[in-house]
Every structure is written in structure tokens, then in C-alpha cells.
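Undergrad: Provided below for reference: sequence and predicted model.
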Number of protein chains: 4
Amino acid sequence: MTTIPHPDFSASRFLSAPDARFVAAPADGVLPEDFFSTTNLPTYVRVRGEWRLPREPRMDSALVVDRDGVLWVREMRRVRAGDLVAVGKKEDGSEGIYVNAEVAGGADNHEFKFMASEVSREKPVDYTHLANLLVQERERGGYIVWVTGPALVHSRARSDMTWFIQNGFASALLAGNAVAVHDIEASIFGTTLGMSGKGETTVGGHGLHMRAINKVRAAGSIAKAVEAGVITDGIMHACVKKNVPFVLCGSIRDDGPLPDVYTDAAEAQDAMKAHTTKATMAIMIATALHAIATGNMLPAFVMEPDGTLRELPTICVDSAEFVVGKLKDRGTHQAFGVVTNAQDFMHILRLFVERELDSRDVPVDGATSAAVAR
Amino acid sequence: MTTIPHPDFSASRFLSAPDARFVAAPADGVLPEDFFSTTNLPTYVRVRGEWRLPREPRMDSALVVDRDGVLWVREMRRVRAGDLVAVGKKEDGSEGIYVNAEVAGGADNHEFKFMASEVSREKPVDYTHLANLLVQERERGGYIVWVTGPALVHSRARSDMTWFIQNGFASALLAGNAVAVHDIEASIFGTTLGMSGKGETTVGGHGLHMRAINKVRAAGSIAKAVEAGVITDGIMHACVKKNVPFVLCGSIRDDGPLPDVYTDAAEAQDAMKAHTTKATMAIMIATALHAIATGNMLPAFVMEPDGTLRELPTICVDSAEFVVGKLKDRGTHQAFGVVTNAQDFMHILRLFVERELDSRDVPVDGATSAAVAR
Amino acid sequence: MTTIPHPDFSASRFLSAPDARFVAAPADGVLPEDFFSTTNLPTYVRVRGEWRLPREPRMDSALVVDRDGVLWVREMRRVRAGDLVAVGKKEDGSEGIYVNAEVAGGADNHEFKFMASEVSREKPVDYTHLANLLVQERERGGYIVWVTGPALVHSRARSDMTWFIQNGFASALLAGNAVAVHDIEASIFGTTLGMSGKGETTVGGHGLHMRAINKVRAAGSIAKAVEAGVITDGIMHACVKKNVPFVLCGSIRDDGPLPDVYTDAAEAQDAMKAHTTKATMAIMIATALHAIATGNMLPAFVMEPDGTLRELPTICVDSAEFVVGKLKDRGTHQAFGVVTNAQDFMHILRLFVERELDSRDVPVDGATSAAVAR
Amino acid sequence: MTTIPHPDFSASRFLSAPDARFVAAPADGVLPEDFFSTTNLPTYVRVRGEWRLPREPRMDSALVVDRDGVLWVREMRRVRAGDLVAVGKKEDGSEGIYVNAEVAGGADNHEFKFMASEVSREKPVDYTHLANLLVQERERGGYIVWVTGPALVHSRARSDMTWFIQNGFASALLAGNAVAVHDIEASIFGTTLGMSGKGETTVGGHGLHMRAINKVRAAGSIAKAVEAGVITDGIMHACVKKNVPFVLCGSIRDDGPLPDVYTDAAEAQDAMKAHTTKATMAIMIATALHAIATGNMLPAFVMEPDGTLRELPTICVDSAEFVVGKLKDRGTHQAFGVVTNAQDFMHILRLFVERELDSRDVPVDGATSAAVAR
């Protein structure tokens, strides 16, 4: 069992501290302004020169001294008018109250905090910041690598991903066979795995992705299927038309696969690395396998032309905290996690990028934009 | 072990069936158009009047007959030019191929399908449909009950929720102490549990929600705190200003609580039921406790003034499939699940509602809109 | 909006029905025995020959008729002594109460139910049944295919998996490079990814899996490393010693890889299929990629030597409902989902198998057991 | 964008460092023993007195110097026999290689690590340690508070929880109405929410929990229902028979509720706090609401009779990382998270406690054990 030593109260910071100050509660269940709000950590209160631990410690409560001079931690609702309540916001002893935060996990700052976890669905996503990053990278000629899983295509994010490709925000696309298969099924049949855009299953739908693969195999490659008019819109179509390189990595889950797929994992890694080596920003969406594979070969930093190093912005979007945690556990510490649905992420990100571009008066149409011309 | 009986091939549907048709594969790894795409279910192929089971059954493959008349299930990539491949899309025997789908779970339709689960993060969300429902309900004077958890306020959905209240899309708000506390902390201090809108923790932040509660307790109620200018914006402010009733239900997690909170669970249920009884639509966001409690007292149907019954649209939004599954497991079968982040859901839903209103030329400003005046 | 038609009360089943029976509540908040327990579905109660809908419908409550003959749905706690409460358990009208369950999702049984979802962490796991299946399959010479992810090795399930291999319960092991790498790192260094068996990170630990891979590459193969005494225990060691075939499938996440790994996805699929074609039972643990890949090539049924078909028992263990749901959404309807931690699953399953063997007086030591000798 | 400064190589630690040492690879794809294993962090290699950054940085690879003296990060599989590979395990420059780990998140130790996250389903659970803690606490007369959710009863953990109560390992039980309702339904009807112990739904099952509640309400209290023979086994039965105090806290989800339930949240908190104030260990299983409520009032430490403080062991078991993360985000930093299924956790924990007791020769039957007599 871990023992928590009492502080050495003979240290000068404690010797010079004043007694804690107490103020009467103005009404039943109401605390004086500037009341001290407790934590669950060992808390010492200086009363008549002596540092004391209050009874019944708990967080989110007040410190009350009773008529006998005994200190209690008491919930706001249980405080009565006239009760003497400790005031002060400092936890370092300088106002007569010392909180021993050594035990509070995060050793780097020794402070009691809420919401300190790094990745959580409860954390807000700063889309303005993300949109800014993307627009800046495009402007400075950065190399933005997108790593995507098939959920992106199942849901309605397909048109948003296509938009980012068409408008110069994707320097390379790393994905698996399934992303391309679903995207091409959507272009040819209007479904993904036989599910319509409204989420409904269709009759005979289970064979449609096989028919899509077969058509591309008959054409010889995705690019040839685009040329031949078999594929007329979507993510792969945009990559071909905009000359955005893509790497489709094979896996044991693959049907077909499409002719462009690297079935050898070592060759696939080499093809991916040709892009990760150039990356100045990485966005990973709805894929554990590809995100961790990319994280595995992605440096945590970028070297600028002038030799300075900077962090490589790495965004990882998933429905659960787990994937981002796993990515970090596999060494990609710099990953910024966004816990949400891929469809919604893409839609809002595009919206914010469009607003950012509007505010800069940059034309959105990729064909004429400076960023794409570059 | 469950035995799967062979079909009775003396039934007329089988007696009248033709032999399966085979077509030569046009190239290595390419199937003929209209190839039959296999499932993992028992599959019988009629060859020379005889129904046979092919060898090495698996899904997503082709049916090939070899020179010796033996049937094989074979992956597309392993088919060679000239191999004889079964064609046809019917699985009911009428084209010489019969798939026994009795074993495929969903007993209601007996068909092999992908993406048949009801709630999944991989399913697209039809925001157009949701926005339509909301606007229609507002127009017809429906009673839209919102049930929300605190994640809504932690993330940036606070302003979107406020907007829905201000514009007449909320007839009642059911929530817990925490939603109001975080919302009011945000109004007074700009933080939630001490976390800024950018997701950063602030010094001394852990006490801010207690200070917010204390100010409202001092004022006497949320409405009085609004009047007194203590609370100047946000969800609760909008409820007070727009006369949208709210029910704040107490729980054992509560700090404070705020003066408006029902601390007695039975009284809280009665207060909630006053609204669920009137509900014509329910939207539950980021809360297991309140969603299931509401589901518990919500009928699955609405009676129209003319006595006809219709389903009560019930939307349940959560980061994980689990809560929606639990809601259904507790009897709220009609719940439509959306697996996403509350912040993103609210932002996109508002966007789609605004577009819907634009297309109808309805003024959005609640103060002047017909819906609110009603 | 979906309309729910009223039943046709001129049908004979309704014409012959009696009035509902009402009994006085024996005390405040207590219902008579055999009270009717309500659902959230449209419910019709026959009173004086007339079918009526009660007011304020909700589930888990009682039906009360007031002095004016008005029907109410009322919570148990709100019922007063002497209130007249409907009794009866039938919902088909035969006791004067009819619940219209057509709207209750599951179209196959039309009954209001709790806990009807197929996969949930709230469902009990019948380990006795699973252990029975395993022992039976071993006895009858079945072909049990295990498909495992690396979490199995990270946690303490490694020794349990080894036990199943040593005792003849594994006919083949399908996994990725990582399973073998972690297992071999554990044998050589006592860590997995540098984490000790107690879950602590070790200094210099991040390189240990690379050193393990390097030693096996230097030896030439896993079997040679076992012979050379480099690998002395664990899962791969047991496979080599017991001649249990394994297929290690490469992926883009792999370090090394180990010399035995199939880096080509098509070759890997062929190697897997050699086992899935023979499978009479499949157990998939803690892997989305390999589980779905295996599901993709696994028939839903087994053909017995005598030509009868039976369901192929397919167990899928994962920490979240999502993977099992995804497996089903990809067509593997027969999968039985267990939502738990891989370590705990393996430990309890082994315990129950040991008990089953004890009760049958079968020796557990693989070397001498009949099952292994077979 | 965050810039990462280069180290000051004029510092003495760098001036005194040797050149990195390079050794020829013994074979294609095999590295020399003691090769340096790379990270994704900025890495400086001293060659001829000069600190250089290698090209194509990535983790899990080797450092190779080519004929022109250029440094490369290269995957093991791409190294050829005779290539010069850096050796050494130190990352602090003392062997000529310096890894700048300042950027690696966890500021407290500045080291590149895998598996550094605190809570993950991939982390092993040390049941031996947990069992030891429990047995020690019982021996020393500690106060073990159990906080449980209803999943414990749905699954088969009911008998294990009962065992812990009967054998003196529970000083108090904190739960909600549902835990007691399901437990009592199981005792009376053999089901929970109408689901059998094998996970199957039963006809008419949806009313059984209401009938169970009604019987206890008729009896007057849980204790009276035990006396009257209505409740004959299970968790609540054991609490009554063993005089283990329980606090059942009401919530808005409750049916009934049972007569013993505190419906007022403030009173419920007071009742809970009477136990948390005495707690020397806390175990929270399968409940977000009650775990966070308890965490809210639980100190992070215990004061021993002699005045020393020690950490209060707090175990939190849930199926997902989220609840433990949330508990920590609400300030309960000391919580040790176990990500697993409640049923399996209870079963294995009991098994390990039984083994621990066996090894100590302590009688398990609570009636005669010293711990219970105490």
C-alpha cells in the first residue's frame, strides 16, 4: 500500500503562512463568496498556527469549523446560515490551506483537475483550429496525407472526402481495398455493401460490391475504369482526375481485390512510406489498421527547409477513445484524438474550411485555386 | 447442435426449376457479367436435373463447374479465363440456384444481407429526414421533448441547443442538475468543469462549477439568477426567456444541487411525465440515465386529435451503440439510434434545419416566427 | 410518419373476448396479485363490451379504472388502496386486454420484450455450454480453428491459450505477425511491447519486440528458433511442439515480419482457407481484422460425413459489441458474441473445460490424452 | 505550430559523448545483436564528431550509414548483409545516439514508450494483487465498500457477489433500485427483466420485475420479505442475513421502487457518505452513475489509526475505458481501471480469493471465519 507522507511543516513556505480565514455563510445552503472548494486529496488547514486535517474529506464541498474548533468538510446544502466557512482559492498554503497534490496522478503539474484526460468524447473539438491547419498547409505547399477507413464511404462522408481531394487538400490517400470498393460500388450502383445512402438494405445487394470489383478488374485498373466511364464520381474518381496519388493496401479481408491493390504487405509499406516521409500533416479517419500502420512509419516531427523541426500535426478520428489510445500506446504520442462519427467529422470540417476560405476570399474550385496550381 | 434440414426437392418450385446456367470467364480473375455471387449459406445448384452442394462453400465468390462436373465455390481472383461460372441473381431456385436462408438469423425476410443491424456507427445518418421531422413538428404545433446529458454542454453544442430553444423547436427540456450547472458555469465563467471551450483545463478550475451553483442558490432560482443578470446566455437562459419548461432531475452525483432541481426521484418522474404524456417527438442526446428514464415513461405512439395512432418519433444520440441497444432492450423499440458525438450531431442538425427553413422561406429568428408566436 | 391502424374489433377473437377484470388494490402503492403490467404499445381494454385505450400510456405500470369509468395507466406507487386495477397476464385480448405488438420491431414474434438484442455486455455468457462444445468437438475429432488478436498475449491469456493448444483443443491457429511477435517477446524477455506481465512499462522496452523478431529471423523460422532453444515456452512453442499448424498473415502494421509470415494477402487467404474449409468450430478472440477475414471465408454450416448439415459454432469474443455486430453485418449471422476481456474469457473457459474433463475423468495432459493421440 | 528546438550540443554531456558505433549486418534482413531500435522522435547520431539527423525517420527500425556517410533509418527487412548498422541501447547520447523525448507527451519521464496509457483493455489485470488486497483488508478489519450496477445481476455474477457478502468481504453495498429488483426477481422467478440465466427471453417476462417489486412492497421491506420467505437467496438475502448494510439510491429510471430505496437524492447521498467516510477500499462494478457518485464523495486517501495516510485502493470495473476515464476526469485520480465484463471479473476475482485463502488455510465459510466474527 502506498503511504502518503505528511508535508514537512517546518519548511519556510509553511512557517510563513497565515491562518486560514473563515467567513459566515450568508444563508442556509449558501456559501460565502470565495469559499474554498475542496478536493479529495489530503488537505491541511492552518488554525491557530496549527496545520490540521479536516474530518470527512471529500471533493466539491466547503471547509467548516464548528464551535469546538473542529474542522469538517461539508456539502454546500448542509451548511447553515452563520456557519464559519473557509475562504480562499490558493491550494499551496499561502492562504492557510494546503492541498497535497503529489498523489494526483499527472506528476507534471501537481494540481487537482477535472477533465484532464487527453482523449475523450466529452472534449470539444476545435474545428476552427483544424480548418486553419488545413488551409495553412495547403497555402504553404504542405503535404497532407489522408488515411481512411471504409466507414467514411458507408456513411455520407464520401462527397465531403471527394470535395477535399478536388480542392487541393489531399496530397495522398492511404487506404485499403474496401474504401475503393465501396466508393466504386457507390458510383456504379448507388449503394455500399448493398446499403442505400439512407441506410436501407437492397434486394440482391450483397453481390453488388463483387460486381463493382469485377467491372474494374475487367477494365484493368481504377484509372482505366474512370477513363472508360465505368466510374463517374466519388473519391477514387477525384484522385484519378486530380492526379492525387493513392496507395491501396491489401489485407486478408479483401474481396477481389481491385487491380490497383498492393497485396504484398512489405511492398504496401514501402508505397505508404513514400508518402509518410514527405508528410507535413496527417489525418486518419475511422481506421485502426491503417492509422496504426501509418503511425508506425510517421515521424513525430517535420524538418522545415531551414532545418528547424516542428511537430507533425496528426489528427486521429474514431468513434471510440480506444483507437486513439492504441495509437498513442504504439508510440504516436503526437496524435490529437477526435472521438466522433466519421460522417459528421468530415461534414463539419468541410464547412469550417469553406468558411475559412470565404473569410480569406480564396476561390474554392480546385481547378483555379493557387494551391492546386502550385 | 442445430441441424439444418435439406429442402424437399420434390416440391413443385424445385421440380419446375431449370438447370443453372454457366458462362465462360472472359479473362483470368474476371467473371462473366451477371455471375452468381455466393453466400455462406447452404447453396444448391441444379446440374443435369440434380440439386448439388458445391465444395468449399464461402461468401463473395463464384460458382465454378470443373471438367469432371464437380462444383466449386471459387474466389474471383482464382478463376481462369474459360472457366465455367454460374450466372443468375435469383436465390430462390428459379434460375437453378437455391440458397437456404432459413438459418440466416432475421427470420422475417429470409435473405442473406450485409449491413442488416439496426444501430451501427457505420450507418449513415439522414439529417435531411431528421430536420424535416423537426420542422414539421414545429409547424403542426407538436410537442418536442429534448432529453440531454452534460456532454452536450462540455462540447460546443451549447450554442446549438440554445438556438433550437430560441427558435421554437423545444417544447420541454428534461435533464439533470449537471446540464444546468455546466451551462451556467459556461455563462458565468466561460468554462465547464473548469475546461475552456478549447478543451484546456484552467487553474483553479475545479471549483468553478461550485461557485456557479452557489451564485444561483444565493439568487434563489435559475429564473431569478437570469433576472438578476447572473446568467446572461445559454440553454437555461433561453428556457427562461422563451418560457420553455424544463425539468431538472436530481441524482446522487449532483453537487449543490441548483434550487430548481427535483431531488426526489418520484416527484421528478411525475414532473417528467407531465411532458412525456404530451410528447409528439422525443430527442435524447448523450445521456443513458435520462434517456432510459424517459423511454420508460414514453408511449411508442401518439394519438392524433382524430383518434388515429402513429409512431412517436424517438431519436437517441450517443457515442456508442450500447446506449441505444440498452434503450431498445428496455422496451423502447421505436428508438432510432444515431451513433455520433453530441457536439457534431447538434451542429449538423441545426445546419440542416436552417437549410430546410431557408427553402421554405420561414424566418429563423424565434421572436418573429409564426411557430413561436403560436 | 407511420400510422398504426386500430385492430378490427369485429374479428371473432375480439367478439368472443370477455370484459377485463378489475380487482381492488390491497394497500397504498401495492397492486393485487396478477395485476396486468403495461407496455408502451397501443393497449385496448374491454370495459362494458367496448374496447378502450387508457390515458397516459407508459410501460411498467398498472391499468386503473376510476369512478367515472375512465381508464388510466398508473404507476404502482401512485395507486391507492381500493383503486380498481386490471388483472390478467394475456396480451392477446382473451382476458379483455389487447396489446398491439405489430409495431414492436422484431416482426418475428410480435411480443413486447426486454433484453431482446442479440449481442450485449449485459447478456450472461454460458461457459458451461461453450466448454461442452469444445470438449465434444475434441472427442468427435472435430476441427477447431482459433483466430486470435494480440490482446490475448498482452494480457495474461497467453498461458491459457498455450494450455488449449497443448491439450488438443486447437486444430489450427490463425493470427497475425503481432500475436507471434508478442508471444515470442514474452518467452525471450518476459514482456510484450516492453510491458511486464503486471502492466508496467520497462526501460528500453520499446525495442524488445524488434530484438525478438531479429533473433527469429537469424534462426530462420519459428520452428528453428524453438529447436535452437531461443523460444522456450508459450503459444508458438506449443504449436511447434504439438504440430498444430498456424497461419500468420502479414499486414501493413507489421514490424519485421517474422520469417513465417505470409506477406501476400492472397497467399495468406489461401493458407487460411485450407483450415476454414475443414473447420467444424471457430473461436475468434480480440481481433476485428482476422475475425472478419475468417468470417468472410467460413461457411455458416458443416456437412457431416453422412451428408446432414448443421450450424458451424462460431464464437466471437471482443471487448465491445461493435466487432460482433460488424461480423454479423458482413454476413456471418451465426456468430455468437461474447462481450468481455480476452484474458478473462480464456481463463474462465479453461476453468470450465477443466471441470468438464474432471467430470468425465479424461486426463488433461495432452501428451497422454486420447484426444491428442487420435 | 509547435517548434522543437535542437539540443544545445555544446553542453558537456554531448561534448564528452563518443561517436556512435556501427556493426555489419550478419545477413539479409537480420540486424547485429544490440542494434539501436529507432523511435519516431528527433534522433541525433554522432558521426565523426558531428551530431546528425538521419533521413526518413520512423520507429521500430535500424540506423544505417551508407558508403557516402549518409545516415538512414531503415526497416529490418530492407537491411542487406554487410550494411553498417548502429548499435547501442542508450538514448541519452552517452553511446553517440541522442533521442529528443521532450516532445513525447508524458512530460514526467521523457522516454519513448509503448503501452503507457493508464486504462486499456489491452492491459493485463493482476488478479493475484486484487485478491491479496481484499484478503488483507478483511484481515485487518478494513471497511470494503462495493458499488455495483445491475449488469452484475443480469449476468451470472450474482452468485459470486453473494459469496463475497457471505464471506465477510463486503462491509457495505451501495447500489440502485435496479440491482435489488433484478436480484429479487432472480430469487423469486429465476429471471432478470424476464431473461433467463442462459440469456433467453421468456413469455410474459416483461412483467416479472414488477411482480417482484409488488411482493416486496406488500411485505413492507426487503428484510421482511426475507423473513417471510419471499426472498430465499441472492445478494439482498445475503446482506440481510449477514447484517451487511446496503444503501439503495433512487433514480428517475426506477420502477416501484422497492420500499428500502432512498428516493431523495440528498438523503441518498448522506446515506452513502456514512459508508464512504469509513471506507478503506472501494470496488465499483458496472455502474457509471453510482461509481462517479461514490468517487465524488470518496477521499483519495485513508488515515490509519496512527495518523499516517495511505492511498485508498479504488477499483473500477467496466466494459469500456470510458467510465474509468470519466471517473478520473471527475477527480478520482486514484481509480485503478479494469476493462472487462462484470460477470467474468467477479468469477475470476472469487477464484483468486479462494486460492489465496486456501494458501493461508483460512476457512471460507463466513459463519466461522475470524474475519466475520470480528
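TA: Received, thanks.
Undergrad: enumerate every residue touching A:Arg48.
TA: Residues near A:Arg48 by CB atoms under 8 Å, 6 or more residues apart in numbering or on different chains: A:19, A:69. Every C-beta, even on glycine, is put in place using the N, C-alpha and C of the backbone.
Undergrad: relative to chain B, how far out is it?
TA: Counting by CB to the nearest CB, to the nearest Å, the gap from A:Arg48 to chain B is 25 Å.
Undergrad: for that residue, give its distance to C:Glu56.
TA: 62 Å (CB to CB, to the nearest Å).
Undergrad: ditto for A:Ala293
TA: Separation of A:Ala293 from C:Glu56 (CB to CB): 56 Å.
Undergrad: the more surrounded of these two?
TA: Neighbour count, other CB atoms under 10 Å in any protein chain shown: between A:Ala293 and C:Glu56, A:Ala293 has more, with 26 against 16.
Undergrad: how close does the more buried one sit to C:Ala178?
TA: A:Ala293 sits 11 Å away from C:Ala178, going by CB to CB.
Undergrad: joint contacts of those two?
TA: Contacts common to A:Ala293 and C:Ala178, judged by CB under 8 Å, 6+ apart, are C:Arg253.
Undergrad: secondary structure element holding A:Lys90?
TA: Assigned by DSSP states H and E, A:Lys90 belongs to no helix or strand.
Undergrad: okay, now it: neighbour count?
TA: If you count neighbours by other CB under 10 Å, A:Lys90 ends up with 14.
Undergrad: ok, the closest residue to chain B within the stretch 151-300 of chain A - contacts?
TA: Nearest residue of the stretch 151-300 of chain A to chain B, counting by CB to the nearest CB: A:Gly207, 3.1 Å away. A:Gly207 is in contact with A:194, B:36-37, B:89, counting by CB under 8 Å, 6+ apart.
Undergrad: my guess is it is in a strand, correct?
TA: No. Counting by DSSP: H, G, I helix; E, B strand; the rest coil, A:Gly207 is not found in a strand; it is helix.
Undergrad: distance of it from chain D?
TA: Plainly put, A:Gly207 is 34 Å away from chain D if you go by CB to the nearest CB.
Undergrad: any low-confidence regions in the stretch 101-250 of chain A?
TA: Where the stretch 101-250 of chain A drops to pLDDT under 70, the residues are A:103-123.
Undergrad: now the helix or strand hosting A:Met161, how far from the chain's geometric center?
TA: For A:Met161, the host element (DSSP H and E) is helix A:158-166. What separates the centre of helix A:158-166 from the centre of its chain is 21 Å, taken as CA atoms, centre = their mean, to the nearest Å.
Undergrad: got the CA coordinates for it in CSV?
TA: What follows is helix A:158-166, C-alpha atoms only, in CSV (Å, rounded to 0.1, in the frame of the first residue of the first chain):
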residue,chain,number,x,y,z
ARG,A,158,-18.0,10.3,-49.4
SER,A,159,-18.9,13.6,-51.1
ASP,A,160,-17.0,15.5,-48.4
MET,A,161,-13.8,13.5,-48.9
THR,A,162,-14.2,14.0,-52.7
TRP,A,163,-14.5,17.7,-52.1
PHE,A,164,-11.3,17.8,-50.1
ILE,A,165,-9.5,15.9,-52.9
GLN,A,166,-10.9,18.2,-55.6
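Undergrad: for the one residue sitting closest to the centre of chain A, phi and psi?
TA: Most central in chain A under CA atoms, centre = their mean is A:Gly337, positioned 1.8 Å from the mean C-alpha point. Dihedral pair for A:Gly337: phi -90, psi 140, per degrees, to the nearest 10.
Undergrad: just the buried positions in the longest helix along chain A, please.
TA: Ordering each helix of chain A by length in residues (DSSP state H) puts helix A:342-360 first. The neighbour-count check on helix A:342-360 (16 or more other CB atoms under 10 Å in any protein chain shown) flags A:342-353, A:356-357 as buried.
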